[in-house]
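1. what follows is a predicted protein model with its sequence.
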Amino acid sequence: MRTPIALPVAAACGAAAVFGAAALASDGGGSGAESAAQVQSTNRALFAVMTGNKEVDEDGLFGAGDPNGRGSFSATVDGDQLCFGITVKNLDTPGAAHIHKGRRRQNGGIVVPLEHPSSGDPGASAGCVTVDAAITQAILRRPGRYYVNVHTAAFGAGAVRGNLFRRPR
């Protein structure tokens with residue numbers, strides 16, 4: 001039986017917004033002399049729409065994940081802080097979640113471990129992690145070269161996946 005996901009989605013998005021706002025507000029007061037380019041390069045929102053069909057096998061063929069799985073990811077990056085929210089539905093119990101380096105048809109290594117949802121139908125998680133600043137800058141420069149996925153026991157290589165993107169201004 002499938003359960004509504006609206007409440008966990010709203011909760012995770014709200015948590016990500018709160019965590020992101022807290023991270024943005026905690027710059028210590030600073031001098032306020034940061035240029036617009038500095039702010040734009042350090043304070044960014046990232047998103048991903050995850051499905052099982054976006055998971056790829058070792059040959060780069062789509063459809064390697066859970067065919068019924070769906071999810072979303074949002075994050076705010078500020079310097080070396082990445083605050084995120086993940087929602088999933090139609091999955092078995094998740095066992096891991098990560099950001100990996102890899103384009104649409106590539107599998108790649110883990111660059112950011114994330115707190116995975118404790119349930120998969122529906123499920124949500126949120127939090128903030130400290131990430132090497134060089135990695136956050138690389139992700140912000142070219143978000144499409146990174147993807148987020150959630151793993152389950154049945155889909156150890158990934159149940160749902162989506163490449164990162166930024167919304168145009």
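-> Thanks, I have it. In this text the structure is predicted, and so the values were computed from the model without any measurement.
2. now the residue positioned nearest the centre of the chain: phi and psi?
-> Taking C-alpha atoms, centre = their mean, the centroid of the chain lies closest to residue 73, which sits 4.2 Å from it. For residue 73, the backbone dihedrals (degrees, to the nearest 10) come out as phi -140, psi 140.
3. give the contact list for it.
-> The contact partners of residue 73, taken as C-beta atoms under 8 Å, 6 or more residues apart in numbering, are 46-48, 50, 84-86, 148, 162, 164. Bear in mind the C-beta positions are built from the backbone N, C-alpha and C, glycine included.
4. how far away is it from residue 62?
-> With distances defined as C-beta to C-beta, to the nearest Å, the gap from residue 73 to residue 62 amounts to 18 Å.
5. the closest residue to the residue nearest to the centre of the chain other than its chain neighbours in helix, strand or coil?
-> Leaving aside its chain neighbours, residue 73 sits nearest to residue 48 (4.1 Å; criterion: C-beta to C-beta, 6 or more residues apart in numbering). In three-state terms, and counting by DSSP: H, G, I helix; E, B strand; the rest coil, residue 48 is strand.
6. and for residue 48, the neighbour number?
-> 23 (other C-beta atoms under 10 Å).
7. what about the helix or strand hosting residue 85, distance to the chain center?
-> Taking DSSP states H and E as the criterion, residue 85 maps to strand 81-89. The gap between where strand 81-89 is centred and where its chain is centred comes out at 5 Å by C-alpha atoms, centre = their mean, to the nearest Å.
8. starting from the helix or strand following it, tell me which strands it pairs with and how they run.
-> Toward the C-terminal end, the helix or strand that comes next after strand 81-89 (DSSP H and E) is strand 94-101. When sheet partners are counted by DSSP bridges, strand 94-101 sits next to strand 110-114 (antiparallel), strand 146-152 (antiparallel).
9. deepest-packed of the ones you listed, please.
-> Most buried of the strands paired with strand 94-101, by mean neighbour count (mean count of other C-beta atoms under 10 Å): strand 146-152, with a mean of 26.
10. contacts for it next, please.
-> Contacts for strand 146-152 (C-beta under 8 Å, 6+ apart): 48, 50, 54-55, 65-66, 69, 71, 73, 86, 88, 91-102, 104, 108, 111, 114, 116-117, 120, 139, 157-164.
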